Structures are given as structure tokens and as C-alpha cells.
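**Student:** attaching a predicted model along with its sequence, questions to come.
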Amino acid sequence: MEMSLLFFSQLNMCESKEKTFFKLMQGSGKEEASTESKIRAKEKRNRLSLLLQRPDFHGETETSRSAFLAKETRISPQEAQKWAESFDKLLSHRDGLNSFTRFLKTEFSEENIEFWVACEDFKKCKEPQQVILKAKAIYEKFIQNDAPKEVNLDFHTKEVIAKSITQPTLQSFDAAQSRIYQLMEQDSYKRFLKSEIYIHLIEGRPQRRTNLRRRSRSFTYNEFQDVKSDVAIWL
């Protein structure tokens, strides 16, 4: 009787040791898993921190907005008032050109001023190869059908450019640039002078972020065929 009790007592002892061993092993596994998960979590936090520090992640940071507004407020009301004298004076002033471009972006028609600026840059080309490359780039970006920033030109003007693009000259885009200039002068420029962007400038008030609104592009060059084409537009 005593021996049987001793026998079962030994079995219980073994079972207890095994249970203790498995518990220790499970605890160690859980501890390792916990440590690994902590390391992964830390790595994720580090990656997120680096991502948040990237300027392009924020789009427009508070610092960039403040810097932009500070730049805008440096334009004196007296200088801004001169832009109302003529469209030429607006475009000949760097801040005037920037302000007008920002206004066109609110109407989703910035391709007009971008084309005009591209033409101005094109006429400064010195090397024949540079003339060919830039002319092709302007044609593909602004002129050809379904161009990413196609400007509003009549069929005849586009055809003339298309035929001359293989052997372009510094005057290849003059007619198109003149027409886009007239469109902006007769349409967008007048609205710019009445816009919140311009009014804030002449009143010396800090600029506010402008809500973008899509404007119907119902106007065409045909509306301005009576405008003289020999206007001196580049002074």
C-alpha cells in the first residue's frame, strides 16, 4: 500500500515538472513574441516619423504658407495699382505675373499664361538644336490636339504651326502667342482687376488662400477677331 502511494507520488512529481517546463517554454515564447512586436512597432513609428517630416507629405505646411504670405505682403499697394494701367505692365512685373498666374489657377486656365511665358523663353534660344527641341516641346504641350495643356487657338493658326514645326524659327509661335495674349487681355485680365487677389494687394491686406473654382471656357478667339493683331505686346 505504501509502495503504490509512493509510485503515484513520483508520477505526480514528473507531471508537475513537465507542466513547469512547458509553462516556462510558453512564457519564453510569449516574451520573445512580445519583444519582436515591440521592435516592429518601434520601426513603424520611426518610419511614420520620417514620413511626417517630409515636406511633400504635408502638401503645404504652415511654414510654407507663412513664407508665401510674407512674400505677397512685400508688394506695395502703389506698385500693384500700376498693374491696372495696362496688361503689359502687369506681365512685365515679376510679382504681377505671379499674382496673375495664381488668379488663372483659380479658374483652371493657367495654361494660357504658361504658354505665353514658354513662348517668351523660346524666343531667347541661341542654338539651332535648342530651337528645334523647345519648339517641339511647346507644340506637344500646348498646341497639338489633346495636348495636356492645350490652349484655345483657331484651326488655321494650329495648322500653320503644325506644318512649320519640323523646321521651326524663333517666330513660329508669334501668331499663337499674340492671340492668347489678346484672349487674356480682353477676358482674364479684366476679371483679375476685380478679383479678391488683386483687391487685397492694392489695399495692402495679407493674402488669403483662394478657393479654386472652375470657369466655363465658353470664350473663343472668334469673339475677339475685331481686335487688332499688330499690337505691340512685348516691350
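**Tutor:** Looks like it came in fine.

**Student:** you'd agree residue 79 is up against residue 93?
**Tutor:** Yes. The criterion here is Cβ atoms under 8 Å, and residue 79 meets it with residue 93 at 7.2 Å. Using the backbone N, CA and C atoms, a C-beta is placed for each residue, glycine as well.

**Student:** would you map the helices across the chain?
**Tutor:** 2-53, 55-58, 62-73, 77-82, 87-92, 94-106, 111-122, 128-138, 155-164, 174-183, 189-193, 196-202 (DSSP state H).

**Student:** buried set for the fifth one?
**Tutor:** Within helix 87-92, the residues scored as buried using 16 or more other Cβ atoms under 10 Å are 87, 88, 90, 91.

**Student:** farthest pair within these?
**Tutor:** For these, with distances taken as Cβ to Cβ, the pair at the greatest spread is 88 and 90 (7.2 Å).

**Student:** show the model's pLDDT score for the nearest residue to residue 173 once chain neighbours are set aside.
**Tutor:** Nearest non-adjacent residue to residue 173, counting by Cβ to Cβ, 6 or more residues apart in numbering: residue 119, 4.8 Å away. We note a pLDDT of 98 for residue 119 in this prediction.

**Student:** what does the one 10 residues further on give?
**Tutor:** The pLDDT attached to residue 129 in the predicted structure is 95.

**Student:** next one: residue 78
**Tutor:** Looking at residue 78, its pLDDT stands at 94.

**Student:** let me see the contact set for it.
**Tutor:** Applying Cβ atoms under 8 Å, 6 or more residues apart in numbering to residue 78 gives no contacts.

**Student:** distance check, it against residue 195.
**Tutor:** 19 Å (Cβ to Cβ, to the nearest Å).

**Student:** next one: residue 76
**Tutor:** The gap separating residue 76 from residue 195 is 18 Å, by Cβ to Cβ.

**Student:** okay, the two: which has more neighbours?
**Tutor:** A direct count of neighbours by other Cβ atoms under 10 Å for residue 76 and residue 195 places residue 195 higher, at 19 against 13.

**Student:** so what's the backbone phi/psi at the more buried one?
**Tutor:** The phi/psi pair for residue 195 (degrees, to the nearest 10) reads phi -80, psi 160.

**Student:** I'd say it and residue 103 touch.
**Tutor:** Yes. The criterion here is Cβ under 8 Å, and residue 195 meets it with residue 103 at 5.5 Å.

**Student:** can you pull out the low-pLDDT segments for this structure?
**Tutor:** Judged against pLDDT under 70, the low-scoring parts of the chain cover residues 1-73, 206-235.

**Student:** and it, split by domain according to the record?
**Tutor:** For the chain, automatic domain parsing gives the domain ranges 2-56, 77-224.

**Student:** not counting its neighbours along the chain, what's nearest residue 147?
**Tutor:** Taking Cβ to Cβ, 6+ apart as the measure, residue 147 lies nearest to residue 141, with 5.8 Å between them; neighbours along the chain are not counted.

**Student:** quick one: that neighbour from residue 87, how far?
**Tutor:** In this structure, residue 141 and residue 87 are separated by 23 Å, where distance is defined by Cβ to Cβ.

**Student:** residue 127: neighbour count?
**Tutor:** Taking other Cβ under 10 Å as the neighbour definition, residue 127 ends up with a count of 9.

**Student:** meant to ask about residue 193
**Tutor:** Other residues near residue 193 come to 15 when the count uses other Cβ under 10 Å.

**Student:** for it, give its distance to residue 140.
**Tutor:** With distances defined as Cβ to Cβ, the gap from residue 193 to residue 140 amounts to 33 Å.

**Student:** cool, and residue 88?
**Tutor:** Residue 88 sits at a distance of 29 Å from residue 140 (criterion: Cβ to Cβ).

**Student:** repeat for residue 96
**Tutor:** The spacing between residue 96 and residue 140, counted by Cβ to Cβ, is 29 Å.
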